[in-house]
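>>> Turn this into a structure:
(2 chains)
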2 protein chains.
Amino acid sequence: MIRDVDLNLAESLFGELDHATRRGRGIVRDTYGPGEQAAHDIIRAAAGRIGLEVTVDAIGNLTATLPGRDRRAPRIIIGSHLDSVPQGGNFDGAAGVVAGLCALAALRQGGVIPDCDIGVMAIRAEESSWFDVSYLGSGGALGLLDPDCLSVRRSDNGRTLEETLLERGFDPGPIRQRRKLIQPEQVRAYLELHIEQGPRLVAEGLPAAVVTGIRGCKRFRNARCVGEYGHSGALPRMLRHDAVAATVAFLHHMEEVWLRAEGQGADLLLTTGELFTDAAAHAPSKVAGETRFVLDLRSLSDQVMESIASEARHAAERIGTKYRVAFDLGPATDSPPAMMDARLRGCLMGLLEQPLEMPSGAGHDAAVFAKVGIPSAMIFVRNDHGSHNPDEAMALEDFGVGSRALIGLLQRFPL
Amino acid sequence: MIRDVDLNLAESLFGELDHATRRGRGIVRDTYGPGEQAAHDIIRAAAGRIGLEVTVDAIGNLTATLPGRDRRAPRIIIGSHLDSVPQGGNFDGAAGVVAGLCALAALRQGGVIPDCDIGVMAIRAEESSWFDVSYLGSGGALGLLDPDCLSVRRSDNGRTLEETLLERGFDPGPIRQRRKLIQPEQVRAYLELHIEQGPRLVAEGLPAAVVTGIRGCKRFRNARCVGEYGHSGALPRMLRHDAVAATVAFLHHMEEVWLRAEGQGADLLLTTGELFTDAAAHAPSKVAGETRFVLDLRSLSDQVMESIASEARHAAERIGTKYRVAFDLGPATDSPPAMMDARLRGCLMGLLEQPLEMPSGAGHDAAVFAKVGIPSAMIFVRNDHGSHNPDEAMALEDFGVGSRALIGLLQRFPL
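Below you'll find the model as predicted:
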């Protein structure tokens, strides 16, 4: 008989993590630094108390395993990261590791011996704040990293990733050789619980949701509109080359494109988070000769992003001509969407009292596991005030709802 | 018999001015500095050669007078300024003074003795680049300046206007006492020839035009839109407080308002020359929480500007609500339009072979004279590449067309 998730265990682990890594108002679990290591030490000790087997791979990912009946059978990984952004919150990343430990503690205390090994993987280095590369831990374990990343320097102390790994007693070799530390065919499923980073569950009044997939991103990072500066009082409209007017017309059109796509049921977010005239040349009495802006597209569908990007290029051409300016959207960076496994999603939906599915806008290690073909699933837990800030607010009861779904899913295997 | 305008005289004066005040690529006739003084010295010498009476008022405005039959009758002033912006062109300002001298030279050589005195006024300090106050020379002569302007400091050397006047041998007293150096009722008309600062005459293929009036300006200098920052991948459209999306919607609406006003024949220009998200807080992956922008309205009609400003305030309210953000347009600065005298305009139109009337977007000393009720008129001369830059390009033949209209107008007095 499996016991309910032990919220006292969860509360005490969150308390330990908070105590060990709070610096001023926020949490600092610096990637491959003392903050992340302190969190790993806490998780390792807790895993020992629960009676799990603990291993650490060459690049520092820690796995606490509940042995299964067939130890050679493909295993289940419950994963999440333990690092944080500078001055982050206590839950982004850590909640998934704590949920994994609580789940294995519940199975163990219930005397369950699963078919296969179930490991809780405390993943290193998911955040890109310290080293400007995301998913170093999961990407490194799956042999996906470009070895050049070893020379990326930590933003605060300037040490390369290679130097940092060596200082911590880890081995850059597998990254240099693109060697897999995890064989994808040896993983039956990857499961991750994470706080929601957007406000939707708060708005919907629900404690948890199932993630449909992790949105991809196509981003025009360096879009520009070039017109001509002129006197705002002397230049008639028809003789203007007004970069602001043209950019406004372009962005307004793109909002209409978004609304139309939404109306057709497409998953799409469209954001211009940076937009500016040139502070060295603009003036209140001048028609603007230049703007720079970002156009950020997010979707679960590559095809949707491709079609919106193509519409953006056409609109830029057309509106540029109309306003006598030249748009240059520049190159688009691409990060593909990662769909979560349909069977796992369906199973999780059946386990929630008030089932809701939603996409994840932010990236997660689950996207890396899904990318190599491992069936992956994610559970979002309601969280107020967004993430990556000291005000992350996840209620323990909501964490309980998500963790119960995770335990329920583990019991359904083999699906 | 009056001779044609002496373009050799004009050419040699423009050459002298250029030679004396070109610094590198551009012209530097610094307000109340050696550059402006050098131009005054050239004009004074030329006036002497033509046989005009030269006087200089307490604040340095120079007047070269062709005496009239009745020396006590209200006189005609042909005015323009001799200072330039830093690295300006050779014609902005100076063309009007040279035109005045050429006109009086033509009358004198033709043996004309006018009814009243006609003075060419080389006005000081029209530009606000050196002291951050416009129209110091004309405003000071007409007793309109706020005495506080005496403590405004020159942008390059930090000396106050008062110190600068005293160093040059002038007297700040009249400004301090708001004392008029010119009695408006003693001026029959103020006439000014100036290069066009916009591109319209070039576009129309015409050498000169008559100015209908000088546009006023109502400017929201510090408009803001405040929303909330959020994750561009995680925040659904309906939960966003997107300051960029709202600002785009607002500015797009204002462009529609402009087009509608234009369609109804209103004189209106609407410009957002500055627009920016906060560089300290924005990011490609963040919904923007704030924008700042300028909304600059120009029109010959106070009523048009008032009604557009009122529409802007309503739209900001309505669109702010729709996008869940707060617009704050802030206070509007006001500079009223100045209409040119209808009789003088009509007369000038009759003197142009290809008559065209157009508003002036930029400010001119003529606006100051019109403000105190002196019938004023302006002639624009075609000029390529705009003004306030070293590339000002006025053809001597076009200058001739404008100057001939000026001479023609002088012969029509009394109207």
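>>> Give the buried residues for the helix or strand hosting residue A:99.
Element membership for residue A:99 (DSSP states H and E) is helix A:94-109. Going by neighbour count (16 or more other C-beta atoms under 10 Å in any protein chain shown), the buried part of helix A:94-109 is A:94-108. For the C-beta atoms, the positions are set from N, CA and C on the backbone; glycine is no exception.
>>> again, but for stretch A:51-68
Neighbour-count burial for stretch A:51-68 [16+ other C-beta under 10 Å]: A:52, A:54, A:57-66, A:68.
>>> Repeat that for stretch A:126-143.
A:126-131, A:133-143.
>>> again, but for stretch A:322-337
A:323, A:325-327, A:329, A:332, A:335, A:337.
>>> Look over those and name the one with the lowest pLDDT score.
Comparing pLDDT over these, the lowest score belongs to residue A:335 (88).
>>> what sits opposite it in the beta ladder?
residue A:217 (DSSP bridges).
>>> The one 4 residues further on too?
When bridges are assigned using DSSP bridges, the partners listed for residue A:339 are residue A:213.
>>> ok, it - contacts?
By C-beta atoms under 8 Å, 6 or more residues apart in numbering or on different chains, the contact set of residue A:339 is A:212-213, A:300, A:370.
>>> Then residue A:380?
By C-beta under 8 Å, 6+ apart, the neighbours of residue A:380 are A:194-196, A:201, A:208-211, A:358, A:360, A:402.
>>> try 6 Å
By C-beta atoms under 6 Å, 6 or more residues apart in numbering or on different chains, the residues touching residue A:380 are A:196, A:209, A:211.
>>> Let's verify residue A:266: helix, strand, or coil?
coil (DSSP: H, G, I helix; E, B strand; the rest coil).
>>> okay, it: pLDDT?
97.
>>> Excluding residues flanking it in the chain, which one is nearest it?
Sequence neighbours aside, residue A:304 is the residue nearest to residue A:266 in space, at 4.8 Å (criterion: C-beta to C-beta, 6 or more residues apart in numbering or on different chains).
>>> where does that neighbour land in three-state SS?
Going by three-state DSSP: residue A:304 is helix.
>>> swap in the one 3 residues further on?
Following three-state DSSP, residue A:307 is assigned to helix.
>>> and it, how many neighbours does it have?
Residue A:307 has 16 neighbours, counted by other C-beta atoms under 10 Å in any protein chain shown.
>>> cool, and residue A:302?
Neighbours of residue A:302 (other C-beta under 10 Å): 13.
>>> Can you give me every residue that contacts it?
residue A:336.
>>> tell me the pLDDT at it?
96.
>>> now do residue A:414
83.
>>> what's it sitting at in phi/psi?
With angles defined as degrees, to the nearest 10, residue A:414 sits at phi -70, psi 130.
>>> related to what we said a few turns ago, and which of the contacts of residue A:380 is nearest to residue B:352?
Nearest to residue B:352 among the contacts of residue A:380 is residue A:196, at 71.0 Å by C-beta to C-beta.
>>> Isn't the closest one up against residue A:384?
No. With contact defined as C-beta atoms under 6 Å, residue A:196 does not count as touching residue A:384 (9.6 Å).
>>> one step back: restricted to strands, list the buried residues of stretch A:126-143.
Using DSSP state E, no member of these falls in strands.
>>> still on that earlier bit, could you dump the contacts of residue A:339 to TSV with distance to residue A:87 and neighbour count?
Below are these laid out as TSV (distance: C-beta to C-beta, whole Å; neighbours: other C-beta atoms under 10 Å in any protein chain shown):
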residue	distance to residue A:87	neighbour count
A:212	31	18
A:213	30	24
A:300	31	21
A:370	30	22
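>>> and which of those is nearest to residue B:43?
residue A:300 (73.5 Å).
>>> now that closest one: how far from residue A:16?
Going from residue A:300 to residue A:16 by C-beta to C-beta, to the nearest Å gives 36 Å.
>>> possible to save the contacts of residue A:339 as a markdown table with distance to residue B:147?
Below are those laid out as a markdown table (distance: C-beta to C-beta, whole Å):
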| residue | distance to residue B:147 |
| --- | --- |
| A:212 | 71 |
| A:213 | 70 |
| A:300 | 68 |
| A:370 | 74 |
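>>> from these, which single one is nearest chain B?
residue A:300 (10.8 Å; C-beta to the nearest C-beta).
>>> Could you pull up phi and psi at the closest one?
According to degrees, to the nearest 10, residue A:300 has phi -80, psi -10.
>>> Pretty sure it sits against residue A:336.
No. If you go by C-beta under 6 Å, residue A:300 and residue A:336 don't touch, sitting 10.3 Å apart.
>>> In the stretch 251-400 of chain A, which residue sits nearest chain B?
Closest point on the stretch 251-400 of chain A to chain B, by C-beta to the nearest C-beta, is residue A:361, at 2.9 Å.
>>> surely that residue meets residue B:234?
Yes. Counting by C-beta under 6 Å, residue A:361 touches residue B:234, with 3.2 Å between them.
>>> Between these two, which contacts overlap?
What both residue A:361 and residue B:234 touch, as defined by C-beta under 6 Å, 6+ apart, is the set residue A:198.
>>> Quick check: residues of chain A near chain B?
Counting by C-beta under 6 Å from any C-beta of the partner chain, chain A comes close to chain B at A:197-199, A:203, A:215, A:221, A:231-235, A:239, A:244, A:248, A:251-252, A:271-277, A:282-284, A:286-288, A:294, A:296, A:298, A:361-362.
>>> can you pull the contacts of the residue located most distally from the centre of chain A?
Farthest-out residue of chain A from its mean C-alpha position, per C-alpha atoms, centre = their mean: residue A:234, at 50.3 Å. By C-beta under 6 Å, 6+ apart, the contact list for residue A:234 reads B:197-198, B:361-362.
>>> so which of the residues you listed comes closest to residue B:353?
The closest of the contacts of residue A:234, once distances to residue B:353 are taken by C-beta to C-beta, is residue B:198, at 21.5 Å.
>>> tell me the SS of the closest residue to the closest one other than its chain neighbours?
Nearest residue to residue B:198, sequence neighbours excluded (C-beta to C-beta, 6+ apart): residue A:234, at 3.3 Å. What three-state DSSP gives for residue A:234 is coil.
>>> what pLDDT does residue A:234 get?
pLDDT, residue A:234: 89.
>>> and what of the one 5 residues further on?
In the predicted model, residue A:239 carries a pLDDT score of 93.
>>> can you count the residues close to it?
Neighbours around residue A:239, by other C-beta under 10 Å: 16.
>>> Nice, that's everything, thank you.
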